[in-house]
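Asker: Quick one, fold the following:
(chains A and B)
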Amino acid sequence: MWRRLLTRRLLLGVLTLWLVSVVVFAATQALPGDAAVAILGKDATPDSVAALTRQLRLDEPVLAQYWHWLSGVVTGDFGISAATQESVWSLLSERVANSAFLVALAAAIAIPLSLALGVLMAIRRDRPSDHVLSTGTLVLAALPEFVIGIGLVLLFATSVFHVLPAVSLLAPGQHAWQHLDVVVLPAATLVLAVTPYISRIMRGSMVEVLQSDYVTMARLKGLPERAVIWRHAVPNALVPAIQVIALQLGWMAGGIVVVEFVFSYPGIGASLVNAVANRDLPVVQALTLLIAGVYVLVNLLADVATILVTPRLRTAGR
Amino acid sequence: MSATTAPAVEQLTAPPALRQRQWLATLLAAWRLTRTRIGIGIVLAIVGIALLGPVFAPHSPTAFVGPPNSTAVPGLPFGTDALGRDVLSRFLYGGRSVLALSVLATVLGVGLGVAIGLTAAYRRGRVDELLMRTSDVFMAFPQIVFGLLLVSVLGPKLWLLVLAVAVTHAPRVARVMRGAALEVVERDYVKAAEAVGEKGSRIVLGELLPNVTGPLLVEIGLRLTFSIGLIAALSFLGFGLQPPTADWGLMINENRLSITVQPWAVVLPVLAIGALTVGTNLITDGIARATARIDRGSEA
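Answerer: Next comes the predicted model:
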């Protein structure tokens, strides 16, 4: 049973990913209008338009263009940047690493932190510490990420304390993990942006579990409260949190766009903003596909994890 | 009220207690919560600044009134921006665009999402499957990324911002509304309406919609909060309103490099956007709590 569920979910993931590639391609290259003129501007010479048309294969039928693009993507060839004439992959590989590091660091801090906060709020339900944390997370959840980021810049870099760099500048060839001071504020912004959502879901789920019969049972048979909470309540409360963690990780893949722009962090988010401003379509295609791909993958993993930790689904059919 | 004059058939098809202005009861229950009142206070203050600000602005938002990035110009409490224009005047003029665009995007996005979600819940089967799988594909794009994808081809246009935000709201709203309506579809009064021979569109609008107003109000609040953030973020990235327009998002973009010497030109719009989203979120949370209470009360 769960094997069939898993297979079905995997196939659905692959299908979604393929449809995402169709949407990306359709939005960028197959729209009515001349993409070459759009990229070069109305003042472009006919020669340069013709050259770019050939480079982007715009003179071929749409399906042939799509097939060429997709087969390139599958083999890791994302084409040539229209702005710099470099291969898209060599342009982006270092930045992908920097962004992956930023997101991984933020996730590694945010997930345990927000789960712990959720458990804490649920245990202290309706007491002052719960009220303070609940209100705090409600306010924080509302704030757009650039408001949080600029707030941190004002607080820690420019206006109040002067302890951290306001912009995350790196010399070419250097990686973010070699200069941790430039990662602190962008990572903190992402942590503050996702923590409220995960901790609020964890609180709600934990409150529900703590009222359940099996928790009462565990208490009645005389288990110490620590064991009741960590052995019996938390593992069950985690199930709904897994889905929200996945949603937030997927959100982070898009959230880095604005956060990296705020800090001029050398990652794919800042690259995407530049590529959009320059209408560098091959780079835009590669990055939107990558970001959406991360989202699909993370949700797939969350569903697999949910199937594996839900006894009802795992053991059905045995 | 219409309920007293409604024909007998109408009364048969719907339980009066559920049909009568449930949304009004929800809003009234929300109004009794302190957080809702604080939220409304904040939102009214910011909307007031945005709408009435231009009346009180001492200068034109595009006039050059002093040296750039100065905080020491007499008569200008917040100094001048990166081009030497009055920060206060630009702030007072800059709120209307954010408000108008995000309200428009919310209305469009929630409207589209409700239509998709309720249709999927009512029709079930293949229509449901098709609508929801399509939604999944669009939900794979983080909202800001989908906006950038459209802007990269068509250029920064205002209708495109509204469309991008609305289109990315729709599948997310649809998912919630479908979930809420699935349970309503099974109720007897929907079956009764079908038996009487009402059209599908009338059942969706007349029977389903009035009974999912709780989640709908929450979605409106939530999507408005996100719309404000998204529209402001796209302007902040430089893909929204174009210079020399006064706009809060654009103000942050134009002055962020001189934040060390002239923080006000960034602080004022950031504070206003932050306060506005906190206000709308407090109201949304109040509505969500009121909805949960009403649901619990009706089940008891």
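Asker: In terms of secondary structure, what does the host helix or strand of residue A:285 contact?
Answerer: Using DSSP states H and E, residue A:285 sits in helix A:281-309. Judged by 3 or more CB pairs under 8 Å, 6 or more residues apart in numbering or on different chains; DSSP states H and E, the packing partners of helix A:281-309 are helix A:2-28, helix A:62-74, helix A:88-123, helix A:234-263, helix A:268-278, helix A:311-315, helix B:143-154. Just so you know, the C-beta spots here come from the backbone N, C-alpha and C atoms, and that holds for glycine as well.
Asker: Select, out of the ones you listed, the one closest to residue B:211.
Answerer: Residue B:211 lies closest, by CB to CB, to one member of those: helix A:234-263, at 25.2 Å.
Asker: Tell me who's in contact with the residue nearest the centre of chain A.
Answerer: Nearest to the geometric centre of chain A sits residue A:253, at 2.4 Å (CA atoms, centre = their mean). When contacts are counted by CB atoms under 8 Å, 6 or more residues apart in numbering or on different chains, residue A:253 touches A:103, A:291, A:294-295, A:298, B:142.
Asker: can you rerun that using 6 Å?
Answerer: A:291, A:294-295 (CB atoms under 6 Å, 6 or more residues apart in numbering or on different chains).
Asker: Next: residue B:265.
Answerer: B:81, B:87, B:255.
Asker: Could you do residue A:284 as well?
Answerer: So residue A:284 contacts A:275, B:152 (CB under 6 Å, 6+ apart).
Asker: Could you rerun that using 8 Å?
Answerer: A:28, A:272, A:275-276, B:148-149, B:152.
Asker: Ok, residue B:50 next?
Answerer: Applying CB under 8 Å, 6+ apart, we find residue B:50 in contact with B:95-96, B:98-99, B:272.
Asker: separation between it and chain A?
Answerer: 16 Å (CB to the nearest CB, to the nearest Å).
Asker: outside of the helix or strand residue A:218 falls within, which residues touch it?
Answerer: For residue A:218, the host element (DSSP H and E) is helix A:213-220. Outside helix A:213-220, the residues that touch it by CB under 8 Å, 6+ apart are A:209, A:225, A:227-228, A:232-233.
Asker: repeat that for 6 Å
Answerer: With CB under 6 Å, 6+ apart as the contact definition, helix A:213-220 has outside contacts at A:228, A:232-233.
Asker: can you redo those as CSV with distance to residue A:127?
Answerer: CSV is the format used below for the contacts of helix A:213-220 (distance: CB to CB, whole Å):
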residue, distance to residue A:127
A:228, 18
A:232, 22
A:233, 18
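Asker: and chain A, which of its residues are near chain B?
Answerer: A:16, A:19-20, A:27-28, A:31, A:138-139, A:142-144, A:146-147, A:150, A:158-159, A:254, A:257-258, A:261, A:273, A:276, A:279, A:284, A:288, A:291-292, A:295-296 (CB under 6 Å from any CB of the partner chain).
Asker: Pull out the buried residues from the helix holding residue A:218.
Answerer: A:215, A:218 (16 or more other CB atoms under 10 Å in any protein chain shown).
Asker: and that helix, how far from the chain's centre?
Answerer: From the chain centre to the centre of helix A:213-220 is a distance of 38 Å (CA atoms, centre = their mean, to the nearest Å).
Asker: by how many degrees do it and helix A:234-263 diverge?
Answerer: Going by axes from the mean of the first three to the mean of the last three CA atoms, to 10 degrees, helix A:213-220 is angled at 110 degrees with respect to helix A:234-263.
Asker: Name the next helix or strand following helix A:213-220 along the chain.
Answerer: helix A:225-227.
Asker: which residues of chain B score low on pLDDT?
Answerer: B:1-20, B:295-300 (pLDDT under 70).
Asker: In it, what residue lies closest to chain A?
Answerer: Nearest residue of chain B to chain A (CB to the nearest CB) works out as residue B:142 at 2.2 Å.
Asker: Now that residue: closest residue in space, sequence neighbours ignored.
Answerer: residue A:254 (2.2 Å; CB to CB, 6 or more residues apart in numbering or on different chains).
Asker: doesn't residue B:139 make contact with that neighbour?
Answerer: No. Assessed by CB atoms under 6 Å, residue A:254 is found out of contact with residue B:139, at 11.4 Å.
Asker: Now do the contacts for residue B:102.
Answerer: Residues counted as contacts of residue B:102 (CB under 6 Å, 6+ apart) are B:227-228, B:231.
Asker: and the residue of chain B closest to chain A, how many neighbours does it have?
Answerer: Residues lying near residue B:142 (other CB atoms under 10 Å in any protein chain shown) number 23.
Asker: Just the ones of the contacts of residue B:265 in helices?
Answerer: Those of the contacts of residue B:265 mapping onto helices are B:87, B:255, per DSSP state H.
Asker: Buried only: go through the contacts of residue B:265 for me.
Answerer: By 16+ other CB under 10 Å, the contacts of residue B:265 give B:81, B:87, B:255 as buried.
Asker: Wait, the second one touches residue B:76, no?
Answerer: So that's residue B:87. No. Look at residue B:87 against residue B:76 with CB under 6 Å: they stay out of range, at 7.2 Å.
Asker: Pull out the buried residues from stretch B:146-154.
Answerer: Neighbour-count burial for stretch B:146-154, counted by 16+ other CB under 10 Å, picks out B:146-154.
Asker: rank the helices and strands packed on helix A:281-309 by pLDDT, which is bottom?
Answerer: Per-stretch mean pLDDT for the helices and strands packed on helix A:281-309 is lowest at helix A:311-315 (a mean of 62).
Asker: If you drop the residues flanking it in sequence, what lies closest to residue A:280?
Answerer: Nearest non-adjacent residue to residue A:280 (CB to CB, 6+ apart): residue A:83, at 4.2 Å.
Asker: burial of the one you found, as a residue count?
Answerer: Residues within reach of residue A:83, counting by other CB under 10 Å, total 17.
Asker: what helix or strand does residue B:281 sit in?
Answerer: Residue B:281 belongs to helix B:264-299 when assigned by DSSP H and E.
Asker: where does the stretch 1-150 of chain B come near chain A, residue by residue?
Answerer: When proximity is defined as CB under 6 Å from any CB, the stretch 1-150 of chain B approaches chain A at B:136-137, B:140-142, B:144-145, B:148-149.
Asker: Now tabulate those residues in TSV and tack on distance to residue B:245.
Answerer: Shown next, in TSV, are those (distance: CB to CB, whole Å):
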residue	distance to residue B:245
B:136	37
B:137	35
B:140	33
B:141	28
B:142	26
B:144	21
B:145	25
B:148	20
B:149	24
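Asker: Return the member of the residues you listed nearest to residue A:198.
Answerer: Comparing the residues of the stretch 1-150 of chain B next to chain A against residue A:198 with CB to CB places residue B:142 closest, at 16.8 Å.
Asker: Tell me how far stretch A:240-253 lies from the chain's centre.
Answerer: That offset, for stretch A:240-253, works out to 8 Å (CA atoms, centre = their mean).
Asker: Correction: the previous question concerned stretch A:96-114.
Answerer: Computed by CA atoms, centre = their mean, the chain-centroid distance of stretch A:96-114 equals 10 Å.
Asker: Can you name the residue of chain A nearest to chain B?
Answerer: Chain A approaches chain B most closely through residue A:254 (2.2 Å), counting by CB to the nearest CB.
Asker: list the buried ones in the helix holding residue B:281?
Answerer: Within helix B:264-299, the residues that count as buried by 16+ other CB under 10 Å are B:264-270, B:272-291, B:294.
Asker: sorry, back to before: now the buried ones among the contacts of residue B:265 in JSON lines, with distance to residue A:94?
Answerer: Output for these, formatted as JSON lines (distance: CB to CB, whole Å):
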{"residue": "B:81", "distance to residue A:94": "35"}
{"residue": "B:87", "distance to residue A:94": "38"}
{"residue": "B:255", "distance to residue A:94": "30"}
